[in-house]
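>>> pasting the structure only:
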Ligand code: FES
């Protein structure tokens, strides 16, 4: 298990022990984190699973694929640390990862 923290827009922290191989989006939905809509179910086709990766983690998480970047164009309030949470796969190197949910989704 790997530790993942998702911070909702109102500041509520969800400290989760999650399975490697799952995605940040799947864990957000499973734990009813508000603000992650994930309308396309993780197909990188909706941009309603947008999160901000904590700056301490951006390098380890890596950059979005070209397909994800195209889809991020549809997200609101995009920042340099923006990612689609369905495209971030949990792995042991990401133990302690922190992401924040934006105020609104596309
Ligand atoms: S769930 Fe649709 S892009 Fe992530």
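Nice, I can see it. Quick caveat: nothing in here was measured; it's all calculated off a predicted structure. Numbering: from 1, shown residues only.

>>> make it CA atoms for all contacts and neighbour counts henceforth
Noted.

>>> neighbours around residue 7, how many?
When neighbours are defined as other C-alpha atoms under 10 Å, residue 7 has 21 of them.

>>> Count the residues that sit near the nearest residue to residue 43 once chain neighbours are set aside.
Nearest non-adjacent residue to residue 43, counting by C-alpha to C-alpha, 6 or more residues apart in numbering: residue 86, 7.6 Å away. Look at residue 86: counted by other C-alpha under 10 Å, it has 25 neighbours.

>>> immediately after the helix or strand hosting residue 68, which helix or strand?
Counting by DSSP states H and E, the element that carries residue 68 is helix 66-72. Per DSSP H and E, the first helix or strand lying C-terminal to helix 66-72 is strand 82-84.

>>> and residue 36, which of the three is it?
Assigned with DSSP: H, G, I helix; E, B strand; the rest coil, residue 36 falls in the coil class.

>>> Confirm for me that it is in contact with residue 49.
Yes. Using C-alpha atoms under 8 Å, residue 36 is in contact with residue 49, at 5.0 Å.

>>> Between the two, tell me which one has more neighbours.
More neighbours surround residue 49 than the other of residue 36 and residue 49, with 30 against 22 (other C-alpha under 10 Å).

>>> residues in this structure within reach of the ligand, list them.
38-49, 84-86 (C-alpha under 6 Å from any ligand atom).

>>> Just the buried ones among those residues, please.
By neighbour count, with 16 or more other C-alpha atoms under 10 Å, the residues of the chain next to the ligand hold 38, 42, 44-49, 84-86 as buried.
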